[in-house]
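A.B. asks: next one to model:
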Amino acid sequence: MSKFALRHDVVIFVSGSKSSNGKALYEVCLRVNPRTHLVSTSKDIDVKWFAGAANVGVCGATSTPRWLMEEVADYLTRIENGKSMSFSKG
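C.D. replies: Take a look at the predicted model:
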């Protein structure tokens with residue numbers, strides 16, 4: 001997770017608020033990249049987080065469904081409309 005977080009300007013960590021594994025992995029990302037944000041759904045995203053970002057990484061806890069991470073990545077693609085961003089699922 002550390003290497004993943006270092007490769008991106010902003011990291012969106014997708015996890016349920018009650019997931020202890022998610023909280024632990026989020027903390028790992030946050031330690032190496034202070035622009036890491038924990039969300040449960042795309043509704044939790046603040047577009048201000050991406051100011052000046054060239055790339056964004058989307059990852060999640062072991063228990064986070066892949067479809068949910070993809071939904072968040074798709075949402076980010078739509079709201080950033082043409083900005084130079086890349087999305088990775090870790």
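A.B. asks: next up, phi/psi of the residue nearest to the spatial centre of the chain, please.
C.D. replies: Taking CA atoms, centre = their mean, the centroid of the chain lies closest to residue 12, which sits 1.3 Å from it. The phi and psi torsions at residue 12 (degrees, to the nearest 10) take the values phi -110, psi 110.
A.B. asks: in this structure, where's the longest helix?
C.D. replies: helix 66-80 (DSSP state H).
A.B. asks: residues making contact with that helix?
C.D. replies: Contact with helix 66-80 is made by 12, 14, 39, 41-42, 45, 47, 50, 56, 58-60, 85, 87, 89, as judged by CB atoms under 8 Å, 6 or more residues apart in numbering. Where C-beta positions appear, they are placed from N, C-alpha and C, glycine not excepted.
A.B. asks: pLDDT of that helix, averaged?
C.D. replies: What helix 66-80 shows for mean pLDDT is 87.
A.B. asks: residues of that helix that come out buried?
C.D. replies: 68-69, 72-73, 75-76 (16 or more other CB atoms under 10 Å).
A.B. asks: need these in CSV with distance to residue 26, can you?
C.D. replies: Shown next, in CSV, are the buried residues of helix 66-80 (distance: CB to CB, whole Å):
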residue, distance to residue 26
68, 15
69, 13
72, 14
73, 17
75, 19
76, 17
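A.B. asks: only whichever of the contacts of helix 66-80 are buried, select them in PyMOL.
C.D. replies: Of the contacts of helix 66-80, the buried ones can be selected in PyMOL as follows, counting by 16+ other CB under 10 Å:
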select buried, resi 12+14+39+42+45+50+56+58+59+60+85+87
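A.B. asks: which members of the contacts of helix 66-80 occur in strands, if any?
C.D. replies: 12, 14, 39, 56, 58-60 (DSSP state E).
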